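Student: give me the fold of what follows.
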Amino acid sequence: MLAICVDIEVAADRFDEFLTRMKEQARSSVENEPGCKQFDVCLSEDLPGHIFLYELYDDQSAFDDHMIAEHSVSFIGWARETATKMEARRYETVIA
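Tutor: Numbering: from 1, shown residues only. Predicted coordinates for the structure are as follows:
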C-alpha cells in the first residue's frame with residue numbers, strides 16, 4: 001500500500017471554502033477511484049488554518065490514476081492557488 005500525507009495551510013478568510021472543497025475531493029476520491037482505500041481530512045485544535053490529509057492507495061498506479069482523475073486535476077489546480085502552504089510526503093506501508 002502507498003500512503004500519501006499532505007500538510008496544508010490556508011489563510012483564515014479562505015479556510016471554510018477550502019475545507020468544504022477538500023471534503024468533497026476526499027469523498028469523490030474514495031467513491032470513484034477503486035484504488036483509493038482511504039482519504040482522511042484531519043484538523044488540529046492547536047493549529048488553526050492547518051489541514052492534514054492521510055490518503056491510502058493500493059499502489060503507485062492507483063495514485064497515478066488519482067492524480068489524473070478529472071476531479072483531482074480541477075481541485076489540485078485550485079488548491080495550489082488557494083493554500084498558503086502545501087507539502088506532500090509519500091510512504092510505503094511496511095505492516096498493514
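Student: check the offset of stretch 69-84 from the chain's centre.
Tutor: In terms of Cα atoms, centre = their mean, to the nearest Å, the centre of stretch 69-84 is found 10 Å from the chain centre.
Student: which residue ranges form the helices in this protein?
Tutor: Taking DSSP state H as the test, the helices found in the chain are 12-32, 60-68, 70-82.
Student: can you pull the buried residues of the last one?
Tutor: Buried residues in helix 70-82, counting neighbours by 16 or more other Cβ atoms under 10 Å, are found at 71-72, 75, 79, 82. In short, each C-beta sits where N, CA and C put it, glycine included.
Student: any idea of the mean pLDDT for that helix?
Tutor: The average pLDDT within helix 70-82 is 94.
Student: likewise for the first one?
Tutor: When pLDDT is averaged over helix 12-32, the result is 97.
Student: which residues are contacting that helix?
Tutor: Contacts to helix 12-32, defined as Cβ atoms under 8 Å, 6 or more residues apart in numbering, come from residues 8, 10, 36-41, 43, 48-49, 51, 53, 55, 66, 69, 71-72, 75, 78-79, 82-83.
Student: mind listing what's buried along that helix?
Tutor: So for helix 12-32, counting by 16+ other Cβ under 10 Å, buried means 15, 18, 22, 25-26, 28-30.
Student: and what of stretch 40-48?
Tutor: Neighbour-count burial for stretch 40-48 [16+ other Cβ under 10 Å]: Val41.
Student: contact partners of that stretch?
Tutor: Around stretch 40-48, the neighbours that count as contacts under Cβ under 8 Å, 6+ apart are 12, 15, 19, 22-23, 26, 50-55.
Student: between the residues you listed, which is closest to Val94?
Tutor: The closest of the contacts of stretch 40-48 to Val94 turns out to be Tyr54 (Cβ to Cβ; 15.8 Å).
Student: having no further points to raise, I will conclude here.
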